[in-house]
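Participant: no sequence on this one, just coordinates:
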Ligand SMILES: Cc1cc2nc3c(=O)[nH]c(=O)nc-3n(C[C@H](O)[C@H](O)[C@H](O)COP(=O)(O)O)c2cc1C
């Protein structure tokens, strides 16, 4: 499908018809989300997938009781991960595991750690939130075919 068509057909669903999204489709969606861009590629988010109806209902008041929260197949809660330091460690480990040499990546890793240290807690949260929003948007576009009723 053309990107323009995808953009034109995307819409905010207000209520779902309770059909369940198959696990394979959900996995595909999460895998695509993993490819969202992020600063330093550290993906500072966590996605909580909620399929239990009782949990959706518990969260409903926090969303002004909007019907899409309780009628959806799976509720994806995107959380900004402020443990930037931990994410940098993970990225370093992954680079090493993929065959990068410590001496080749050390300056890059050091630069990231310096950047992280220079931030206040408030900046860390805001930085992670803005990137989490990008990942959430990726889901909106890739999920558009999974929508059910408007
Ligand atoms: C940051 C943001 C927050 C939104 N919050 C809600 C919301 O709480 N409930 C809702 O029904 N739609 C929400 N929307 C969807 C917008 O209302 C919707 O995108 C806009 O009316 C245009 O309609 P469309 O997306 O169907 O083209 C939100 C959109 C954005 C970008």
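Facilitator: Alright, I've got the coordinates. What you are looking at is a predicted structure, and each value in this text was computed from that prediction instead of being measured.

Participant: Residue 46 versus the nearest residue to residue 139 once chain neighbours are set aside, what's the distance?
Facilitator: The shortest distance from residue 139 to any non-neighbouring residue, by CB to CB, 6 or more residues apart in numbering, is to residue 33 (5.1 Å). C-beta coordinates here come from the backbone N, C-alpha and C atoms, glycine included. Residue 33 sits 11 Å away from residue 46, going by CB to CB, to the nearest Å.

Participant: Comparing these two, which shows the higher neighbour count?
Facilitator: residue 33 (21 against 13; other CB atoms under 10 Å).

Participant: That one reaches residue 43, doesn't it?
Facilitator: No: with contact defined as CB atoms under 8 Å, residue 33 and residue 43 do not form a contacting pair (9.3 Å).

Participant: Can you point out the buried residues in the host helix or strand of residue 54?
Facilitator: Following DSSP states H and E, one finds residue 54 within helix 53-59. Judged by neighbour count (16 or more other CB atoms under 10 Å), helix 53-59 contains these buried residues: residue 56.

Participant: Nothing else from me, thank you.
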